[in-house]
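# below are the sequence and a predicted model for it; my questions follow.
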Amino acid sequence: MRAITNATILCPVQGLIKKGTLLFDRGKIVDVGKSIPIPSKTKIIDVEGQYVVPGFIETHAHHGLFDGSIGPMGMDGNEMTTPVTPEMRGKDGFYPFEPSIKEILKGGVTTVNTGPGSGNVISGECFVIKPLPESVVDDMIVLSPSGLKIALGENPKRVHGIENKRMPMTRMGVAALIRKTFTDGQNYLDEWKAFGAKVKEAKKKEEVAPKPPKRDIGLETIAKVLKREIPLHAHAHRADDIATIIRIAKEFNLHLVLIHCTEGHKIAKFIAKSDIPAVIGPTIFWVSKPETRERGFKTAVILNEAGVKVALQTDSLTPMHYFPLLPMYAIKHGMSREDALKCVTINPAQILNLENRIGSFEPGKDADIVIWSGHPFEFYSEVTEVYINGKKIPLE
């Protein structure tokens, strides 16, 4: 048992606790509060004058799949040989020693949802890791798959329509391929359902079982989305692309998460009415294409005010050790500190369906704890210690 004492504790659920204590044991939070009993033989970690905060959560990144330090040989996040590749699994391209992974902890981040890029209409499975000093990705994974990554707009149009002269060349083509793939998935599910019925009938009549349908690992992933076992993580910047994927999600009854949502402020009421979360960003980067011209922190503020569940993300374009700048800029543009904290803790935990494990200090949750020299949203504050699953992780 260990106890962090004399802490200023910031938690999106418990609120601000001055001179608080955080108890944790065997990788889990035991108790948190101002005056809680500390069992005997507990190791005391006195952090007087410092802040204790749940580990931040990055909801959309590509860490481990794109190593820019070695050029094309490090680009393992886009299988752009065909526009529809749901059979891709991001964890199969993840390199635990990719240089940017070392930056994660310095930004106070203890959980990252990473995976394929947006070169394809349907790119493959995302997964959630904790940046542990492990040599094999399997030992870092918290949840796999965490969602299916798809993309609308300029990226798949450019890669496939402009550069390779194949479908999709237009936004209509992108939407058509998404619909076709999910229709194929429905047919695949129906085929296996019919097979199951035939097997039952054969057993009843004591007949030879029929031959099963041919497996398709890509359609198996699509089936997971259709059965709402995993969400659809949809890269969409422009307002019309956002509306299109919401329309398609309603057609197929999909669990949708909006990724980027750059022009979401233009249709904030529509998104809020649809009850769909938005993972906003990257915002601290150059205007790389026309559909990102209106990127800004106003989007997160307006969507949050409209009642949309908002998370902030880097997309791996902003170095992860600058992650605290995201909530800081959201505050600068009008968001409260309390809501900004939620946008990097409990909101992303809920969006990733991991709120029972991470995102706040509550008994039974993972002991993912970051100690800051000052308030995490003050510019000069630095991360001094990080605990993941209750274990202290070296910052270097």
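Thanks, I have the structure now. Numbers count the residues shown, from 1 in each chain.
# keeping just the C-alphas, turn stretch 311-322 into PDB.
Written as PDB, here are the backbone C-alpha positions of stretch 311-322 (Å, rounded to 0.1, in the frame of the first residue of the first chain):
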ATOM      1  CA  ALA A 311     -12.100  15.100 -26.100                       C
ATOM      2  CA  LEU A 312      -8.900  16.800 -27.300                       C
ATOM      3  CA  GLN A 313      -6.200  15.000 -29.400                       C
ATOM      4  CA  THR A 314      -2.900  15.600 -31.100                       C
ATOM      5  CA  ASP A 315      -3.200  13.100 -34.000                       C
ATOM      6  CA  SER A 316       0.500  12.600 -33.400                       C
ATOM      7  CA  LEU A 317       1.100  15.900 -35.300                       C
ATOM      8  CA  THR A 318       1.600  17.800 -32.100                       C
ATOM      9  CA  PRO A 319       4.500  16.300 -30.100                       C
ATOM     10  CA  MET A 320       2.900  14.500 -27.100                       C
ATOM     11  CA  HIS A 321       5.100  16.300 -24.500                       C
ATOM     12  CA  TYR A 322       3.100  19.400 -25.500                       C
END
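# ok, and the closest non-adjacent residue to residue 359?
Spatial nearest neighbour of residue 359, excluding adjacent residues (Cβ to Cβ, 6 or more residues apart in numbering): residue 349 at 2.8 Å. To be clear about C-beta, it is placed using only N, CA and C from the backbone, and glycine gets the same treatment.
# so which helix or strand takes in that neighbour?
helix 346-351 (DSSP states H and E).
# which residues sit in contact with residue 74?
By Cβ atoms under 8 Å, 6 or more residues apart in numbering, the contact list for residue 74 reads 66, 67, 68, 95, 98.
# swap in residue 175?
152, 244, 248.
# quick one: contacts for the residue lying closest to the last one once chain neighbours are set aside?
Take residue 248 and drop its neighbours on the chain: the residue closest to it by Cβ to Cβ, 6+ apart is residue 178, 5.7 Å away. For residue 178, the contact set (Cβ under 8 Å, 6+ apart) comprises 121, 122, 150, 152, 245, 248.
# and stretch 41-51, average pLDDT?
What stretch 41-51 shows for mean pLDDT is 96.
# and the residue nearest to residue 359, what pLDDT?
Per-residue pLDDT puts residue 349 at 98.
# measure it to residue 180 for me?
Distance from residue 349 to residue 180, counting by Cβ to Cβ, to the nearest Å: 34 Å.
# between the two, which is the more surrounded one?
More crowded of residue 349 and residue 180, by other Cβ atoms under 10 Å: residue 349, with 24 against 12.
# that one is in contact with residue 58, isn't it?
No - counting by Cβ atoms under 8 Å, residue 349 stays clear of residue 58, with 11.5 Å between them.
# touching both of those two, which residues are there?
residue 111.
# mind listing what's buried in stretch 281-292?
For stretch 281-292, a neighbour-count test (16 or more other Cβ atoms under 10 Å) marks 281, 282, 283, 291, 292 as buried.
# sorry, that was for stretch 5-19
5, 6, 7, 8, 9, 10, 11, 12, 14, 17.
# can I get those in JSON lines including secondary structure, distance to residue 276 and pLDDT?
JSON lines is the format used below for those (DSSP: H, G, I helix; E, B strand; the rest coil; distance: Cβ to Cβ, whole Å; pLDDT from 0 to 100):
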{"residue": "5", "secondary structure": "strand", "distance to residue 276": "41", "pLDDT": "97"}
{"residue": "6", "secondary structure": "strand", "distance to residue 276": "42", "pLDDT": "96"}
{"residue": "7", "secondary structure": "strand", "distance to residue 276": "36", "pLDDT": "96"}
{"residue": "8", "secondary structure": "strand", "distance to residue 276": "35", "pLDDT": "97"}
{"residue": "9", "secondary structure": "strand", "distance to residue 276": "32", "pLDDT": "98"}
{"residue": "10", "secondary structure": "strand", "distance to residue 276": "28", "pLDDT": "97"}
{"residue": "11", "secondary structure": "strand", "distance to residue 276": "26", "pLDDT": "96"}
{"residue": "12", "secondary structure": "coil", "distance to residue 276": "21", "pLDDT": "97"}
{"residue": "14", "secondary structure": "coil", "distance to residue 276": "28", "pLDDT": "92"}
{"residue": "17", "secondary structure": "strand", "distance to residue 276": "33", "pLDDT": "97"}
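# thinking again about what came up before, just curious, which of the buried residues of stretch 281-292 is nearest to residue 110?
If you rank the buried residues of stretch 281-292 by distance to residue 110 using Cβ to Cβ, residue 281 comes first, at 18.3 Å.
# and the nearest residue to residue 93 once chain neighbours are set aside, what does it touch?
Nearest residue to residue 93, sequence neighbours excluded (Cβ to Cβ, 6+ apart): residue 76, at 3.7 Å. Contacts for residue 76 were tallied using Cβ under 8 Å, 6+ apart; they are 65, 66, 67, 93, 95.
# report the buried residues of stretch 162-169.
167, 168, 169.
# what is the nearest of these to residue 41?
Nearest to residue 41 among these is residue 168, at 63.4 Å by Cβ to Cβ.
# so how far is the helix holding residue 349 off the chain centroid?
9 Å (Cα atoms, centre = their mean, to the nearest Å).
# does the residue nearest to residue 285 when sequence neighbours are not counted count as helix, strand or coil?
Leaving aside its chain neighbours, residue 285 sits nearest to residue 317 (4.7 Å; criterion: Cβ to Cβ, 6+ apart). Here residue 317 is recorded as coil under DSSP: H, G, I helix; E, B strand; the rest coil.
# ok, residue 220 next?
Per three-state DSSP, residue 220 ends up helix.
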